[in-house]
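Asks: What shape does this take:
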Amino acid sequence: MDAEEDGSTAVAVERHAGWNELFFDLIAVAGVGQLAHLLHAGPGWGALGLYVLLFGAFWLSWACFTVYGDVVAERTSSLALFVAMAGMAVMAAAVEGVDADARANAFALAYVLLRWYAGQLWRQGRSLLVVPDWPIAQYGAGAVPWLVSTVAPSEWRYWLWAAGLLVDALLLLAAREDRERVRARWEGRRARHRGGPGADRPLPELHEAGVDAAHLGERLGLFMVIVLGEGVIQVIRAASDQEHWDARLAWTGLAAMTLLASLSVLSVRRGAAAFPQLVAGGRPRWVMLCHAAGSAALAALAAGLGRAVEHAHGPLPDDTRRLLCAALACYFAVTLAAVLPTLEGREQVRGFLAHTVPAVLLALLPAVLPVSLAAGAVVSLLLVATLWARGYRSGRTG
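Replies: Below is the predicted model of the structure:
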C-alpha cells in the first residue's frame, strides 16, 4: 500500500494493477490457451500428466515476475517484464509438439533462464531484497532438474521436471527466509571460498520486504479471469465449427457459458486471490500454491467445455466427462484447502463446509453415473454444483 501524508494523518491509497502488469498478463492469455490445447484432443493420463508439468512451470514463471512487480511497485522495470514475456512466449510456443526433444529443451531452457533472471531482479544495486512470503526468490534449486533434463536421456525428462516442481513447492511451504538466515548463508558461502576471487567484497545490504496482499490478490484474480476467458474462447470456437445449430447445441453452449459466468462470480467477486470467501492477507505462500492448483483445474475445465460443445449432439465421451468432473471437483477441493484455515468460528466453518463439500460431490456425480449422458446434461449438472457453492455467503469480503 502507498501512503499519502496530510499533516499527521496517513491515508492509505488502494493500489491496482498497472498498465505494465496488464500488458504482461497478455502472455498468460497465450500460454493458457496453448496449455489447454494439450487436453483438447483427448485427456489421457499421459496428456494430463504433461499438462500438469507444463502448467506448473508456466504458472511459476508468471508468479515470479508477478510477485516481483507486487513488491517493488512503481520501481518495476518495464524491460524486466518484456524479457519475461519473451521467455514465456518461447515456453508457450514450445507446448505444441513438446514431446520432441528440440521443443522440450527449448521449453526447459527458457524456464531455467527465466528463473535465473527473476532471481537477479531482487538485487537493487548493492542491496538485496529478502521476501519471506516468496522464499524461492533466493533459491534456484528447483530449476536445476530442468537444466539437467536438457542433457539427460529423454525417458528421464518428465521425472526431472516433476522433481523440479516438487522442490519449489517444498521450498515455498517450508523455507524459513529472513534477513538473518540470508546473511548467514552469504557469510557461509564467502567462508567456503575464502581467498578466492571476490572473497573480500562486502556483503550486500539486506532489506526485508513483504507482499502487498490486496494487490497480489487482485493479480491472482486477474489470472483466473484469463483462465475462465479461455473457456469462453473454447466454447465459441467449438460452436462455430458445428454445422448444425439446434436446441442441443444451444443447451450445451448456454450451460457452459453460465457455468463460466458463475465461476467468475464465485472466484473473483466473492473473495480474494480467486477463491470465494478468502480474505486478503494471512498465508500468502499457501494461497499461491492453491492458486496454481486451482487455476490449472479451471484451465482443464475450459478444455473440457470445448469438447463438450463439440459433442453437443450426442453422448459425451467418457474421458471428457471424467475430465470435466475431476477438474471442477479439484477446484472446489482446492478452495476448501485455501479458505478453511482462514475461517473464524464454528458457524463459518459449518456453513462453508455445508456448501463446498456437497459441491465437490455434485461435481463428481456425472463421472460415476453408470449411464451415458448428453453433453448438455453433464455441463448442467456441473452448473448445479457451482450454484450450490455460490449459495454460501459468510459476509466476509476480500
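Asks: Does residue 162 touch residue 53 like I think?
Replies: Yes. At 6.1 Å, residue 162 counts as touching residue 53 under the criterion of C-beta atoms under 8 Å. Quick note: C-beta positions are derived from backbone N, CA and C, even for glycine.
Asks: who's more crowded, these two?
Replies: Neighbour totals were compared for residue 162 and residue 53, and residue 53 leads with 20 against 15 (other C-beta atoms under 10 Å).
Asks: Is that one within a helix or a strand, and which one?
Replies: Taking DSSP states H and E as the definition, residue 53 sits inside helix 45-72.
Asks: Could you point out the helix or strand that follows that helix?
Replies: Heading C-terminal from helix 45-72 (DSSP H and E), you reach helix 78-95.
Asks: Distance from the helix or strand just after that following helix to the middle of the chain?
Replies: The element immediately downstream of helix 78-95 (helix or strand, assigned by DSSP H and E) is helix 101-120. Distance, stretch centre to chain centre, for helix 101-120: 18 Å (C-alpha atoms, centre = their mean, to the nearest Å).
Asks: ok, now stretch 241-252?
Replies: 32 Å.
Asks: Go ahead and produce CSV holding the CA coordinates of it.
Replies: In CSV, the C-alpha atoms belonging to stretch 241-252 read as follows (Å, rounded to 0.1, in the frame of the first residue of the first chain):
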residue,chain,number,x,y,z
ASP,A,241,-17.2,-25.3,-36.0
GLN,A,242,-20.6,-27.1,-35.7
GLU,A,243,-22.5,-27.5,-39.0
HIS,A,244,-25.9,-27.9,-37.4
TRP,A,245,-27.1,-25.4,-34.9
ASP,A,246,-30.1,-26.8,-32.9
ALA,A,247,-31.6,-26.9,-29.4
ARG,A,248,-29.0,-29.4,-28.1
LEU,A,249,-26.1,-27.2,-29.2
ALA,A,250,-27.9,-24.2,-27.7
TRP,A,251,-28.5,-26.1,-24.4
THR,A,252,-24.8,-27.2,-24.1
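Asks: what does it rub up against?
Replies: 239, 308-310, 312-313, 374-376, 379-380 (C-beta atoms under 8 Å, 6 or more residues apart in numbering).
Asks: can you check stretch 220-228 too?
Replies: 17, 22, 25, 28-29, 32, 62, 66, 260, 263-264, 267-268, 272-274, 287-288, 291, 294-295, 298-299, 302.
Asks: So which of those are in helices?
Replies: 22, 28-29, 32, 62, 66, 260, 263-264, 287-288, 291, 294-295, 298-299, 302 (DSSP state H).
Asks: low-confidence ranges in the stretch 151-300 of the chain?
Replies: Scanning the stretch 151-300 of the chain for pLDDT under 70 picks out 177-203, 270-272, 277, 279-282.
Asks: quick revisit: make a ChimeraX selection of the buried ones in the contacts of stretch 220-228.
Replies: This is how ChimeraX selects the buried members of the contacts of stretch 220-228, with burial counted by 16 or more other C-beta atoms under 10 Å:
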select :17,25,28,29,32,62,66,260,263,264,267,268,272,273,274,287,288,291,294,295,298,299,302
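Asks: picking up where we left off before, mean confidence for the helix holding residue 53?
Replies: Mean per-residue pLDDT for helix 45-72: 92.
Asks: got the angle between it and helix 78-95?
Replies: Relative orientation of helix 45-72 and helix 78-95, computed by axes from the mean of the first three to the mean of the last three C-alpha atoms, to 10 degrees: 180 degrees.
Asks: So what's the gap between helix 45-72 and the chain middle?
Replies: In this view, helix 45-72 has its centroid 6 Å away from the chain centroid, taken as C-alpha atoms, centre = their mean.
Asks: Report the buried residues of that helix.
Replies: Taking 16+ other C-beta under 10 Å as the criterion, helix 45-72 shows 47-48, 50-72 as buried.
Asks: got it, and stretch 254-264?
Replies: Applying 16+ other C-beta under 10 Å to stretch 254-264 flags 255-257, 259-260, 262-264 as buried.
Asks: Show me what it is in contact with.
Replies: For stretch 254-264, contacts defined as C-beta under 8 Å, 6+ apart pick out 225, 228, 231-232, 235, 298, 302, 305, 308-309, 331, 376, 379-380, 382-383, 386-387, 390.
Asks: Please, a ChimeraX command that selects the buried ones among these?
Replies: In ChimeraX, this line selects whichever of the contacts of stretch 254-264 come out buried by 16+ other C-beta under 10 Å:
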select :228,231,232,235,298,302,305,308,309,331,376,379,380,382,383,386,390
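Asks: Okay, and which of the contacts of stretch 254-264 map to helices?
Replies: Counting by DSSP H, these place 225, 228, 231-232, 235, 298, 302, 305, 308-309, 331, 376, 379-380, 382-383, 386-387, 390 in helices.
Asks: The helix or strand harbouring residue 347 packs against which elements?
Replies: Per DSSP H and E: residue 347 is located in helix 345-368. Helices and strands touching helix 345-368, by 3 or more C-beta pairs under 8 Å, 6 or more residues apart in numbering; DSSP states H and E, are helix 318-339, helix 375-390.
Asks: and the residue lying closest to residue 235 once chain neighbours are set aside, which of the three is it?
Replies: Distances taken as C-beta to C-beta, 6 or more residues apart in numbering place residue 256 nearest to residue 235, at 4.8 Å, with adjacent residues excluded. Assigned with DSSP: H, G, I helix; E, B strand; the rest coil, residue 256 falls in the helix class.
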